[in-house]
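> show me the folded form of this:
(2 chains)
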2 protein chains.
Amino acid sequence: VLVTVIGLDIGGANTKAAFLRSKDECVEELRTAIEYFPVWKNPKKLAPTLSVLREKVSGKAKLDGVGLTMTAELSDAYQTKREGVDHILACAAQAFADAPVFVLDVDASLVSMDAARSEPLRVAAANWAATGWLVAQLIKTCVIVDVGSTSTSIIPVIDGRVSVAGKTDLEKLTVGELVYTGGLRTNVAAIVSSVPLKDGVARVSSELFVQSGDVHLVLGNITEAEYTTETADGRGKTKREAMARLARVVCADIEMLTEDEIVQIAKHIYNKQVDQVIEGLNQVYSRVKSLTTAKIPVVVTGLGKDFLAKIAAQRLRVERIIDLSKLMPTDVVMASPAAGVALMAASKLEGRIVKWTR
Amino acid sequence: VLVTVIGLDIGGANTKAAFLRSKDECVEELRTAIEYFPVWKNPKKLAPTLSVLREKVSGKAKLDGVGLTMTAELSDAYQTKREGVDHILACAAQAFADAPVFVLDVDASLVSMDAARSEPLRVAAANWAATGWLVAQLIKTCVIVDVGSTSTSIIPVIDGRVSVAGKTDLEKLTVGELVYTGGLRTNVAAIVSSVPLKDGVARVSSELFVQSGDVHLVLGNITEAEYTTETADGRGKTKREAMARLARVVCADIEMLTEDEIVQIAKHIYNKQVDQVIEGLNQVYSRVKSLTTAKIPVVVTGLGKDFLAKIAAQRLRVERIIDLSKLMPTDVVMASPAAGVALMAASKLEGRIVKWTR
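Numbers count the residues shown, from 1 in each chain, chains lettered A, B, ... in the order given. Have a look, this model is predicted:
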């Protein structure tokens, strides 16, 4: 049997799609696409953006179904999550009018559009469940650390099942499974309140002068091409421009600070970000003691997997750190919720779990 | 002798003007105007904004001189302070072509446009010096706590002289004389990293979802009319809309949290802001021990004088807290750097200090 589906992960800043074709319960083709689309700037453009993304990832292919997960409902373009979920579902229905759309819920099940509409909190911000489900097919027990552009999800998987303590974002922020720090878009003023400088300590400005992407660009953790969001000042993504933004966080400029001083500031912020991830991980470990034994791997994924997730796990002396991109192509890893929800949709249509094979 | 001047305080978000007419070294007339103008959105509009403000505050009055101070050069519309100072001076020269413009420096002196242009760091972010100078005419020894929309300046005055340890913003951030917390525009994610909620503690989102103005509106510290900046989501300034923004900081919405829970969050953030001001004050006190004796007053000013500056001083058990608006009209207090630099300009033109009389 041939099944053709698209998985969609509609985020606040990035929307990701995974095109998946399976044959006899095995993945034959899987490719992803990402569109930078800050939904808060113009929610009306969401439906056309989904159509563009569909075309980009699947051309004119006929679809048997669509799997959908979202976090964009949190955007302040919407007054409530209910309003956001409603609008996002309506846009998906418009862009995929020719195929059934299934929506991921926080119990890692796919539900109908109607069910999703009637219980918006059940499907809001469930994309971690898709990543968890995807990884659980490959590694039965682990802790996933998924560092995205803006936030980090920590997802415990036990005996092939996603075993989280928090289902909504609010619950996750409380139990350590969601940490609002990421590889590109995090406001540095939300990471540190002061930085070391010239034998002293300087408070930081609370403006949005510089983002984590500038820190990682200056430190060589990402390339200009990997810096895929807008900059805080609308200027370019050269190291020099990123340094100018970093200098501004202490109300200075590149004429007042040396390169070395700016690098020291960047290192301090980087360190604090690692600490934020560690704090989340520690909170998860203290709840589920069985995950702390040396045998349980940490699976790292997302654009910050190498420079944030992996470093945090290393500092906690985790013995087995598995890079998800060793098990799957990098583009799939960078869009793991979209790939996961595609695989879930294909499995639902097949009536059996479609297997990931290299 | 009659002297007519304007004092200008060109900030990143608000530009303030004070019109002052003095006769025989005494202030006869003093009135102020404020224009909300976020310079980073369109620096080209600065010159016309200054002309509008001039008209607003002084009509067609002929001017003998202009006193100018600025903080807008820090805006990321400019790559360096040098570029910012240059542009701001050029705009002032354009809007006030018919009068000599004097620029305040960090030693609380007025210098020529040429001197300012050649040493931009000498005149960048010097507006605290105008406030300090103004207060020093009335109270010889004190600590001024000026809480604006975005940041707080702590200005020691000893024997009638502004006696700061930091001259640039960078130095002030290091010594506690500048604390980047204010009554309206501060991103809540830069104030707290977590908030108490439902017997637990929730991390906060690092997005710009909610500002300090929402906190103070919800708690009744400010009115809707006093909330003079844009909101984070572009929505209105009712208590309900502010509550919706506050709920979003823990990725929730007003359907998920009760009003009481949101108020508890607001109280926690408020408390942390007071702590930030206290920390700055303590750092200043620990440097200048002579200011900690019971006789030395704290002078509170700026839009956050009552709910931030005063509360911080009370918690430190300061015995004499002087509200600057008891000594001067409220509109002058809300634009104290503009009023201060106007008084300085008038004094310079007179060749003697022009006195403030009620």
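> residue A:127 touches residue A:69, doesn't it?
Yes: if you go by Cβ atoms under 8 Å, residue A:127 and residue A:69 touch, sitting 4.3 Å apart. From N, CA and C alone the C-beta is placed, and that goes for glycine too.
> and the two? Which one has more around it.
residue A:69 (29 against 26; other Cβ atoms under 10 Å in any protein chain shown).
> now do the shared contacts for residue A:127 and residue A:69.
A:9, A:104, A:337, A:341 (Cβ atoms under 8 Å, 6 or more residues apart in numbering or on different chains).
> near the residue nearest to residue A:198 when sequence neighbours are not counted, how many other residues are there?
With Cβ to Cβ, 6 or more residues apart in numbering or on different chains as the criterion, residue A:198 has its nearest non-adjacent residue at 6.9 Å, and that residue is residue A:261. Number of residues near residue A:261 (other Cβ under 10 Å) recorded here: 19.
> residue A:261 and residue A:121: what is the separation?
47 Å (Cβ to Cβ, to the nearest Å).
> is the host helix or strand of residue A:134 positioned near chain B?
Using DSSP states H and E, the element containing residue A:134 is helix A:127-136. No: using Cβ under 8 Å from any Cβ of the partner chain, helix A:127-136 stays clear of chain B, with a minimum separation of 12.6 Å.
> packing partners of the following helix or strand past that helix?
Per DSSP H and E, the first helix or strand lying C-terminal to helix A:127-136 is strand A:142-147. On a contact count with 3 or more Cβ pairs under 8 Å, 6 or more residues apart in numbering or on different chains; DSSP states H and E, strand A:142-147 meets helix A:127-136, strand A:152-158, helix A:259-287, strand A:298-301.
> turn the ones you listed into JSON lines, columns for mean pLDDT.
Formatted as JSON lines, these follow (pLDDT from 0 to 100):
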{"stretch": "helix A:127-136", "mean pLDDT": "96"}
{"stretch": "strand A:152-158", "mean pLDDT": "98"}
{"stretch": "helix A:259-287", "mean pLDDT": "98"}
{"stretch": "strand A:298-301", "mean pLDDT": "97"}
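> how about the ones you listed in JSON lines, adding distance to residue B:205?
Output for these, formatted as JSON lines (distance: least, Cβ to Cβ, whole Å):
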{"stretch": "helix A:127-136", "distance to residue B:205": "15"}
{"stretch": "strand A:152-158", "distance to residue B:205": "12"}
{"stretch": "helix A:259-287", "distance to residue B:205": "13"}
{"stretch": "strand A:298-301", "distance to residue B:205": "21"}
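> closest to residue B:149 out of these?
Proximity to residue B:149 (Cβ to Cβ) singles out helix A:259-287 among these, at 25.6 Å.
> so what does the closest one touch, helix or strand wise?
Taking 3+ Cβ pairs under 8 Å, 6+ apart as the contact cut, helix A:259-287 packs with strand A:142-147, strand A:152-158, helix A:169-175, strand A:178-179, strand A:194-197, helix A:212-218, helix A:239-248, helix A:310-315.
> buried stuff in the helix or strand of chain A with the lowest mean pLDDT?
Least confident helix or strand, chain A: helix A:330-333 with a mean of 88, by mean pLDDT, DSSP states H and E. Residues A:331, A:332, A:333 are the ones in helix A:330-333 that count as buried (16 or more other Cβ atoms under 10 Å in any protein chain shown).
> ok, those vs chain B, which is closest?
Using Cβ to the nearest Cβ, residue A:333 comes nearest to chain B of those, at 23.4 Å.
> that closest one against residue A:325, yeah?
Yes: Residue A:333 is within contact range of residue A:325, at 4.4 Å (criterion: Cβ under 8 Å).
> please enumerate the shared neighbours of the two.
Shared contacts of residue A:333 and residue A:325, counting by Cβ under 8 Å, 6+ apart, come down to A:301, A:305.
> show me where pLDDT drops low in the stretch 101-250 of chain A?
Within the stretch 101-250 of chain A, no stretch has pLDDT under 70.
> quick one: name the residues of it near chain B.
Counting by Cβ under 8 Å from any Cβ, the stretch 101-250 of chain A sits next to chain B at A:121, A:125, A:150-151, A:168-170, A:173-174, A:176, A:178-181, A:186-187, A:189-191, A:193, A:197-198, A:200-209, A:232-233, A:235, A:244-245, A:248, A:250.
> quote the end-to-end distance of stretch A:284-302.
19 Å (Cα to Cα, to the nearest Å).
> of all the helices and strands packed on helix A:259-287, which lies closest to residue B:354?
Closest among these, once you apply Cβ to Cβ, is helix A:239-248, at 36.8 Å.
> which strands and helices sit next to the closest one?
By 3+ Cβ pairs under 8 Å, 6+ apart, helix A:239-248 packs against helix A:212-218, helix A:259-287.
> any idea how far stretch A:157-170 is from the chain center?
16 Å (Cα atoms, centre = their mean, to the nearest Å).
> how long is that stretch from one end to the other?
OK, stretch A:157-170 end separation, Cα to Cα: 20 Å.
> now stretch A:154-172
Start-to-end, stretch A:154-172 (Cα to Cα) is 9 Å.
> just the buried positions in that stretch, please.
Residues of stretch A:154-172 classed as buried by neighbour count (16+ other Cβ under 10 Å): A:154-158, A:162-164, A:166-172.
> returning to that earlier point: the helices and strands packed on helix A:259-287: which one's closest to residue A:287?
helix A:169-175 (6.8 Å).
> which residues does that closest one contact?
Contacts for helix A:169-175 (Cβ under 8 Å, 6+ apart): A:74, A:124-125, A:128, A:153, A:164-166, A:177-178, A:180, A:283-284, A:287, B:197-198, B:200-205, B:250-252, B:256.
> what's near enough to touch the most centrally placed residue in chain A?
Note on chain A: the residue nearest the mean C-alpha position is residue A:148, at 3.7 Å, using Cα atoms, centre = their mean. For residue A:148, the contact set (Cβ under 8 Å, 6+ apart) comprises A:11, A:182, A:183, A:302, A:303, A:304.
> and the helices and strands packed on strand A:142-147: which comes nearest residue B:33?
Closest among the helices and strands packed on strand A:142-147, using Cβ to Cβ: helix A:259-287, at 38.3 Å.
> give the buried residues for that closest one.
Buried, per 16+ other Cβ under 10 Å, within helix A:259-287: A:261-266, A:268-270, A:272-274, A:276-278, A:280-281, A:283-285.
> check stretch A:104-121 too.
A:104, A:105, A:106, A:108, A:109, A:110, A:111, A:113, A:116, A:117, A:120, A:121.
> just flag the most distant two among the residues you listed.
A:108 and A:117 (19.3 Å).
> give me phi/psi at residue A:168?
Phi and psi for residue A:168, reported as degrees, to the nearest 10, are phi -80, psi 160.
> which non-adjacent residue is nearest it?
Per Cβ to Cβ, 6+ apart, closest to residue A:168 is residue A:121, 6.3 Å.
> which residue of chain A sits farthest from its center?
residue A:199 (36.9 Å).
> who touches it in this structure?
Applying Cβ under 8 Å, 6+ apart, no residues contact residue A:199.
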